[in-house]
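**Student:** coords please:
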Amino acid sequence: MWKYIKRYLPYAVLAALFMVGEVSMDLVQPGIMRRIVDEGVLGLETGGVGDLRLIGTLGLRMIALVLFGGLCGSLNNVFTHYSSQNIGNEMRKDAFRRIMSFSFPQLDRFGTGSLVTRVTNDITQIQTFVSLFVRGLIRTSLLTFGSMYCIFRLNRDFGLTVLCAFPLVAGCIVLCLWKANPCSPSCKDIWTLSTPSCRRTFPVSESSKPASERRMKRPGSARPTTRW
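**Tutor:** Predicted structure coming up:
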């Protein structure tokens, strides 16, 4: 697995850096909005007198931050999909090359459906995992701890409340994952056990076989059809 990841690790690192930039812009904007409301609109620092110049300046700054955050998000998507799709492509080519080297008894032992699933669905799951790890996990972690830091800066008491609630939320997530994890192997085992019975219940008919195979079974099919 690592030999595929290390080829495209620089692109994944770039995607993570652009994600940091996007999340940072999201965390900075509430502070700017607070200054617009408190100082520009309500005028808490100037005796209740608003400041339109401050509102315009901070508004332009927010627009610039939004544009920069959108650029970082777009570049994050580009590098994330580039790394995950290429990792899946390399794995799929190696898996297909390995399958083509199997003998006929090995192909019969593994089964055509199982090998097709390994090349398609299983590798797609790895691509999705890489994409979610680079984009989802990093974004969630930065937003969680960055938001808690910003809350502590604004209101220390409310920050302590959020900090006390964080273990409860994390415990609920871990409990749900712990309960749902055993269901995946059991569903896979049920599908594996049901596949042979489905083959016995619904045998392959003669009409569903390839035309070349049906033609080879006809008498006299070995004679050439072209006349010179």
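**Student:** when you work out contacts or count neighbours from here on, use the C-alpha atoms and nothing else.
**Tutor:** Noted.
**Student:** what is the neighbour count of residue 14?
**Tutor:** Counted with other C-alpha atoms under 10 Å, residues neighbouring residue 14 total 17.
**Student:** do you know the pLDDT at it?
**Tutor:** What the model reports as pLDDT for residue 14 is 91.
**Student:** hmm, it is touching residue 79, no?
**Tutor:** Yes: Residue 14 lies in contact with residue 79 (C-alpha atoms under 8 Å); the separation is 6.9 Å.
**Student:** flag the shaky bits of this protein, pLDDT-wise.
**Tutor:** For the chain, applying pLDDT under 70 flags the ranges 184-228.
**Student:** how about a cut-off of 90?
**Tutor:** Scanning the chain with the threshold set as pLDDT under 90 gives 1-13, 16, 26-27, 29-55, 80-81, 83-170, 173-228.
**Student:** tell me which residues in stretch 156-167 are buried?
**Tutor:** The neighbour-count check on stretch 156-167 (16 or more other C-alpha atoms under 10 Å) flags residue 159 as buried.
**Student:** then stretch 88-107?
**Tutor:** 88-89, 91-92, 95.
**Student:** just stretch 68-87 next, same as before
**Tutor:** For stretch 68-87, a neighbour-count test (16+ other C-alpha under 10 Å) marks 69, 72-77, 79-87 as buried.
**Student:** elements contacting the lengthiest helix in the chain?
**Tutor:** The helix that spans the most residues within the chain, counting by DSSP state H, is helix 52-100. In terms of contacts (3 or more C-alpha pairs under 8 Å, 6 or more residues apart in numbering; DSSP states H and E), helix 52-100 is packed against helix 2-5, helix 9-35, helix 123-131.
**Student:** would you format those helices as CSV with distance to residue 42 included?
**Tutor:** Converted to CSV, the helices and strands packed on helix 52-100 look like this (distance: least, C-alpha to C-alpha, whole Å):
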stretch, distance to residue 42
helix 2-5, 53
helix 9-35, 10
helix 123-131, 44
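**Student:** out of those helices, which is closest to residue 150?
**Tutor:** Relative to residue 150, the nearest member of the helices and strands packed on helix 52-100 by C-alpha to C-alpha is helix 9-35, separated by 7.6 Å.
**Student:** so which elements touch that closest one?
**Tutor:** By 3+ C-alpha pairs under 8 Å, 6+ apart, helix 9-35 packs against helix 52-100, helix 138-154.
**Student:** name the element residue 102 belongs to?
**Tutor:** According to DSSP states H and E, residue 102 maps onto no helix or strand at all.
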